[in-house]
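Participant: The sequence and its predicted three-dimensional model are supplied below.
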Amino acid sequence: MNINEVPEIWAEQWKAHNYEAMTEIQQQLYTPIKEGQDVIAVSPTGTGKTVAYTLPAIEKLEVKPHTQWLILAPSHELVMQIADVVRSWLPVGLKVVGIIGSANIKRQIDNLKKKPQVIVGSPGRVLELIKQKKIKMHEVKMITLDECDQLLIRENVPTVLEIVNSAMRDRQLVMASATKLDDPMMFYRNSEIEPVMIEAKAEESNANVNHLYMDVEQPRDKAILLRRISNVEGMHALVFVKDKVRMDIILEKLQYDGVAAAGIHGEVDKEKT
């Protein structure tokens, strides 16, 4: 597949997402996943791995009222991010649900009753729902482990293995990682399946990106600077601060000045994010 070619089925949505050429990992993952092969893929952060495994996987989904694709991710934030990406590509009639620990499990069970075709979840909560028979793994045809270099740290391995092993033997397994895994064959020791190994290089950085910094001392001055930046046409920004106290100070000043701003931190109610 040429880097400038996008599968015809996705061409219109590709433009709507303002994407240009396919990245190396998007090229290399498309055919193996679509053909049902198990894949272990290594590609640096920011190279489009989520879209790379999402498009061919969606093509394999059927408009039937049961879960066919399970995606596991190591953090709550990544789970919701992946769910949003998948949702933005899903055709009419297909649904995705995000499942994370510390969120309201009753509400999650209610969402599962709507029979989503795709579940994105954190391992602990997913396994809990499997044991409660709310997620029926015998129906799952594909399992994707995203950022599995982080997902498969020692304390998570037993949970992830139990989830994967609870599915049918002929399920498809795709493992995506930013770095090489210490033990990439852990799922294949007692299997005759030979996974496809893919390693993509980092994309060249955009020559049109300029990096700069502005030296500002006081929180009040930072809020003023951010307010001015917010007036730039088409501006959307993610601002990192040292702690919640500083965030609250800056956020209060921005909101007082009429800037559309919101805060995200570890104490935010998961149901509100």
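Facilitator: Perfect, I can see it now.
Participant: What backbone torsions are found at Met197?
Facilitator: Main-chain torsions, Met197, degrees, to the nearest 10: phi -100, psi 120.
Participant: Look at the nearest residue to it once chain neighbours are set aside and give its secondary structure.
Facilitator: Beyond its immediate neighbours in the sequence, the residue positioned closest to Met197 (Cβ to Cβ, 6 or more residues apart in numbering) is Ile40, lying 5.4 Å away. Just so you know, the C-beta spots here come from the backbone N, C-alpha and C atoms, and that holds for glycine as well. Remark: Ile40 carries the secondary structure label strand [criterion: DSSP: H, G, I helix; E, B strand; the rest coil].
Participant: same thing with Thr144?
Facilitator: For Thr144, the assignment made with three-state DSSP gives strand.
Participant: And Gln27, how far from Trp89?
Facilitator: Distance of Gln27 to Trp89, given as Cβ to Cβ, to the nearest Å: 17 Å.
Participant: got a pLDDT number for the closest residue in space to Gln132 that isn't next to it in sequence?
Facilitator: When the adjacent residues along the chain are set aside, Gln132 lies closest to Ile109, with 7.9 Å between them (Cβ to Cβ, 6+ apart). With respect to pLDDT, Ile109 has a value of 96.
Participant: what's the answer for Pro56, then?
Facilitator: In the predicted model, Pro56 carries a pLDDT score of 97.
Participant: And for Pro32?
Facilitator: On the pLDDT scale, Pro32 is placed at 97.
Participant: same check, this time on His211
Facilitator: The pLDDT attached to His211 in the predicted structure is 68.
Participant: Repeat that for Asn2.
Facilitator: 47.
Participant: Show me what counts as buried in stretch 149-159.
Facilitator: Using 16 or more other Cβ atoms under 10 Å as the test for burial, stretch 149-159 gives Asp149, Leu151, Leu152, Asn156, Thr159.
Participant: and which of those residues is nearest Glu128?
Facilitator: Of all those, the one sitting nearest Glu128 is Thr159; the distance, using Cβ to Cβ, is 9.7 Å.
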